[in-house]
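Visitor: predicted structure and sequence below. I'll ask about it afterward.
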Amino acid sequence: MGYIYIFGCIFFTVYGQLILKWRINQSLSLPEPFFEKSIHLIKLIFLDPFVFSGFFSAFIASLFWMAVMTKFNISFAYPFMSLSFIFVMFGAYYFFSEPLSFYKIIGTILVILGLVFLSRG
């Protein structure tokens with residue numbers, strides 16, 4: 001059951017990052033003055049249901065993370081959170097056409113290898 005909690009935390013973290021990127025890309029650029037910038041962002045958070053869901057997913061991810069802490073040592077569980085970087089990278093490539101370079105792929109492979117070694121220790 002503990003691994004389901006890890007998966008839930010990763011899923012909601014990745015969802016939140018990708019949905020926020022999508023909606024921020026679609027919103028108008030931020031105004032320069034600080035007050036207007038703040039109002040613009042507050043409107044996005046509370047009036048855009050997708051942006052709100054992105055923030056809410058961060059809350060849900062933290063609940064899953066609390067459940068993870070009841071099942072595993074943090075030194076074992078925390079490295080699994082690096083999988084969110086991998087999923088966000090591939091999601092950004094697929095949904096936003098962000099570049100996927102040789103170095104990003106090698107880095108991803110190294111992260112996965114690191115997880116394999118950490119999970120055995």
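Guide: Great, that's in hand.

Visitor: how about the helices of the protein, start to end?
Guide: Listed in chain order, the helices of the chain (DSSP state H) span 2-26, 34-47, 49-71, 74-77, 82-96, 102-120.

Visitor: residues near G114, how many?
Guide: Number of residues near G114 (other Cβ atoms under 10 Å) recorded here: 12. For every residue, glycine as well, the C-beta is placed using N, CA and C.

Visitor: so who does it touch?
Guide: 79, 82 (Cβ atoms under 8 Å, 6 or more residues apart in numbering).

Visitor: for F72, see how far away M1 is.
Guide: Distance, M1 to F72, using Cβ to Cβ, to the nearest Å: 11 Å.

Visitor: comparing these two, which residue is more hemmed in?
Guide: Neighbours per residue (other Cβ under 10 Å) separate M1 from F72, with F72 holding more: 15 against 7.

Visitor: any idea what sits nearest that one, other than its immediate chain neighbours?
Guide: Spatially, and ignoring its direct neighbours in sequence, F72 is nearest to G2 (5.6 Å; Cβ to Cβ, 6 or more residues apart in numbering).

Visitor: and the one you found, how many neighbours?
Guide: Residues near G2, counting by other Cβ under 10 Å, number 14.

Visitor: you'd agree it is up against M69?
Guide: No: if you go by Cβ atoms under 8 Å, G2 and M69 don't touch, sitting 9.8 Å apart.

Visitor: mutual contacts of these two, please.
Guide: Residues touching both G2 and M69 (Cβ under 8 Å, 6+ apart) are A77.

Visitor: any weak-confidence spans in the protein?
Guide: 28, 121 (pLDDT under 70).

Visitor: pick the most deeply packed of the helices of the chain.
Guide: Counting by mean count of other Cβ atoms under 10 Å, helix 2-26 has the highest mean neighbour count of the helices of the chain, with a mean of 18.
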